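Engineer: Got a predicted model here, sequence first, then my questions.
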Amino acid sequence: MSEILPGIVVTGASGFIGRHFVIAVSGKFRLFCIARRSQKEVGIPYHKNIHWLQLDITNQKNLLNALRYIKDHGGAEYVLHLAGYYDFTMKENLAYEQINVTGTRYVLDMSKVLGIKRFIFSSSLAACKFPSNNNVLTKRVLLMRIFLTHEAKEKKKKSYKNMRRSFHVQLSGLQPYTVTGVNTLCYICF
């Protein structure tokens, strides 16, 4: 009798970190990779443990189809949420709200239905305003920054509180301060 490998949903699987993560752990986990680009396009070789779901996380109907697929293929215990948008110009952009707020909400909703044990999200330090007066940058601050735009502070607080009440799961933040790559080598600093 063979043991079923644990499952991980990886959003942003075609990005730099996602691509390297998927390749590195494909022999140890069943991976449900959600990405806008194809597996072939980003150079991830075929592996029996990789289930590639090419879709946009801002499309709730497609995520519901992905949820059904994941359930039908043994489910998942973890989510590594790497999909995100950041514009270094700091100008307001609709894509920020659609991907980082709406898309993340949809992924959280999917995670809740799947019974995910741990939801790991990433955020760029560049997307965060550093705390002043020697205050600490906490997981709570990072999580709040994912959900809503810079201008909606009250909405941000309300959204975070509602999410915490309705979603009982371990939350972990991953916030690398620099990510660089040389050929196929990946360096991530924390």
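Structural biologist: On my side now, so go ahead. It should be emphasised that the depicted structure is a prediction, and the values quoted were computed from it without experimental measurement.
Engineer: Number of residues surrounding Tyr86?
Structural biologist: Neighbour count of Tyr86, defined by other C-beta atoms under 10 Å: 15. C-beta coordinates here come from the backbone N, C-alpha and C atoms, glycine included.
Engineer: do the same with Asn100
Structural biologist: Asn100: 23 surrounding residues under other C-beta under 10 Å.
Engineer: likewise His20?
Structural biologist: Using other C-beta under 10 Å, His20 has 18 other residues around it.
Engineer: Just the pLDDT at it, thanks.
Structural biologist: Model confidence at His20, given as pLDDT, is 92.
Engineer: ditto for Asn162
Structural biologist: Listed pLDDT for Asn162 reads 61.
Engineer: Use 51 as the first number from now on
Structural biologist: In the new count, where the first residue is 51, that last one comes out as Asn212.
Engineer: what about the strands in this structure?
Structural biologist: Along the chain, the segments classed as strands by DSSP state E run 57-61, 80-85, 100-104, 128-131, 168-172, 220-224, 228-232, 235-239.
Engineer: Of these, which shows the lowest average pLDDT?
Structural biologist: Looking at the strands of the chain, the bottom one is strand 235-239 with a mean of 44.
Engineer: what about the nearest residue to Gly165 once chain neighbours are set aside, how many neighbours?
Structural biologist: Computed as C-beta to C-beta, 6 or more residues apart in numbering, the closest residue to Gly165 that is not its neighbour in sequence is Gly125, at 7.3 Å. Neighbours of Gly125 under the rule other C-beta under 10 Å: 17.
Engineer: For Gly125, give me its contacts.
Structural biologist: 57, 164-165 (C-beta atoms under 8 Å, 6 or more residues apart in numbering).
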